[in-house]
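**Student:** Next one to model:
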Amino acid sequence: MDPTDAQAACFEAGIKFGSLYHQFAGTPVSPASADSLAAAMADAIENQPHCREVTVEVLTEELAAALADGPADYTELTGRFLDVKIVVAYEGVEVVAEMAMQDGYPLMQVTDVRN
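**Tutor:** Numbers count the residues shown, from 1 in each chain. Have a look, this model is predicted:
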């Protein structure tokens with residue numbers, strides 16, 4: 001059985017999230033570099049097929065709090081410092097997927113499917 005257009009669009013959203021997270025996790029980040037890193041992440045993922053919109057926010061308050069007691073002015077990027085929204089359009093179906101921390105885990109999930 002072939003996947004429906006909605007299923008294919010959801011798969012595409014998952015591919016975008018896998019690429020975003022695993023490509024950028026571990027990148028050195030500081031409050032000063034947060035905005036440029038977020039823009040680079042969004043720009044990179046928007047290059048992929050069927051990608052309509054990518055919004056990446058590095059949570060600078062969380063980042064600053066993590067750095068407050070540390071020995072360095074930067075840390076590695078992890079999901080706890082990110083809010084991400086990806087919109088995929090495939091064959092007339094639009095899928096919205098988001099990532100945010102939930103119970104200490106960076107949960108990526110489909111939040112809306114529109115025909």
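**Student:** Which strand or helix spans the spatially most central residue of the chain?
**Tutor:** Nearest to the geometric centre of the chain sits residue 84, at 3.8 Å (CA atoms, centre = their mean). Per DSSP states H and E: residue 84 is located in strand 82-90.
**Student:** strand partners of that strand, parallel vs antiparallel please.
**Tutor:** In the sheet, strand 82-90 lines up against strand 51-58 (antiparallel), strand 93-102 (antiparallel) (DSSP bridges).
**Student:** is it possible to export those to a markdown table including mean neighbour count and distance to residue 70?
**Tutor:** Just so you know, the C-beta spots here come from the backbone N, C-alpha and C atoms, and that holds for glycine as well. As requested, these are exported to a markdown table (neighbours: other CB atoms under 10 Å; distance: least, CB to CB, whole Å):
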| stretch | mean neighbour count | distance to residue 70 |
| --- | --- | --- |
| strand 51-58 | 18 | 17 |
| strand 93-102 | 18 | 19 |
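**Student:** Nearest approach to residue 11 belongs to which of those?
**Tutor:** Nearest to residue 11, of all those, is strand 93-102, at 9.2 Å by CB to CB.
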